[in-house]
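could you work out the structure for the sequence below:
(one chain, ligands or ions: 2)
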Amino acid sequence: MAPKLSLLLLLTMLLCSHSHGVHLKETTMTLYFQDYSAGANATVLPVTGIPGRVWSFFGFGTIFCTDDPITEGLDKNSAQIGRAQGIYVTSALDGSNTHVLISIVFTNEEFSGSTLEIQGTSRQHDAVREVAVVAGTGKFRYARGYATFETVYFDMEISYAIIRCNVTVMHY
Ligand SMILES: *[C@@H]1O[C@H](CO)[C@@H](O)[C@H](O)[C@H]1NC(C)=O
Ligand SMILES: *[C@@H]1O[C@H](CO)[C@@H](O)[C@H](O)[C@H]1NC(C)=O
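Ligands and ions are numbered 1, 2, ... in the order given. Predicted coordinates:
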């Protein structure tokens, strides 16, 4: 009896998923975050931290607010396709991980009005940091996937970094 029941259950599940007419699309893209962590035009800044401690990327409890321009190419003067807006919280006691909560807010012609929501732990010392894409809006409704982050350029003098972000999402 039991095997028959589970077969029935499996069939029902298959029929249900079929009746929704689910056709997921996969979209991949490469984006470049133009990131300034100091100066008059900083795009990422600490907003608060643990009193009496140094507020920094590697200081537990430090919360950063960010609004990085996102460009199509490595060059900061290449076409802007959106902004990366949100917060980072240094979430590991030893400062090694940061918790990322950012929206990719598209402004380009193709995806304007749509967003992707990125959330998860980023291992700050790793050359490639992978964070989950948990949701989206507009053209990315029900999006799920992952994003990798790599710092491909860093100018310590002016605290300027270019971060390459490769996104892979499944969505309707
Ligand atoms: C900040 O941006 C303004 C306007 O684009 C520019 O004139 C100024 O030189 C920039 N300042 C720094 C420190 O980059
Ligand atoms: C991100 O994509 C670029 C190509 O657009 C590729 O060269 C690079 O290796 C990718 N990075 C990762 C971590 O997959």
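
check which helices and strands the strand or helix carrying residue 118 sits against.
Here residue 118, judged by DSSP states H and E, is contained in strand 115-123. Counting contacts by 3 or more CB pairs under 8 Å, 6 or more residues apart in numbering; DSSP states H and E, strand 115-123 is packed against strand 97-106, strand 129-137. C-betas here are computed from N, CA, C, even on glycine.

out of those, which is the most enclosed?
The highest mean neighbour count among the helices and strands packed on strand 115-123, using mean count of other CB atoms under 10 Å, belongs to strand 97-106: a mean of 21.

name the SS class of residue 95, please.
For residue 95, the assignment made with DSSP: H, G, I helix; E, B strand; the rest coil gives coil.

distance of the residue nearest to it when sequence neighbours are not counted relative to ligand 1?
Residue nearest to residue 95 in three dimensions, not counting chain neighbours: residue 58, with 3.5 Å by CB to CB, 6 or more residues apart in numbering. In this view, residue 58 and ligand 1 are 24 Å apart by CB to the nearest ligand atom, to the nearest Å.

please report how far residue 58 lies from residue 156.
Remark: distance between residue 58 and residue 156 (CB to CB, to the nearest Å) = 15 Å.

neighbour-wise, which of the two wins?
residue 58 (15 against 7; other CB atoms under 10 Å).

which ones are touching the more buried one?
90, 95-96, 124 (CB atoms under 8 Å, 6 or more residues apart in numbering).

let's see if you can find the most crowded of the residues you listed.
Counting neighbours by other CB under 10 Å, the top entry in those is residue 90, with 25 neighbours.

wait, isn't that residue in contact with residue 60?
Yes. Proximity of residue 90 to residue 60 meets the contact threshold set by CB atoms under 8 Å, at 5.5 Å.
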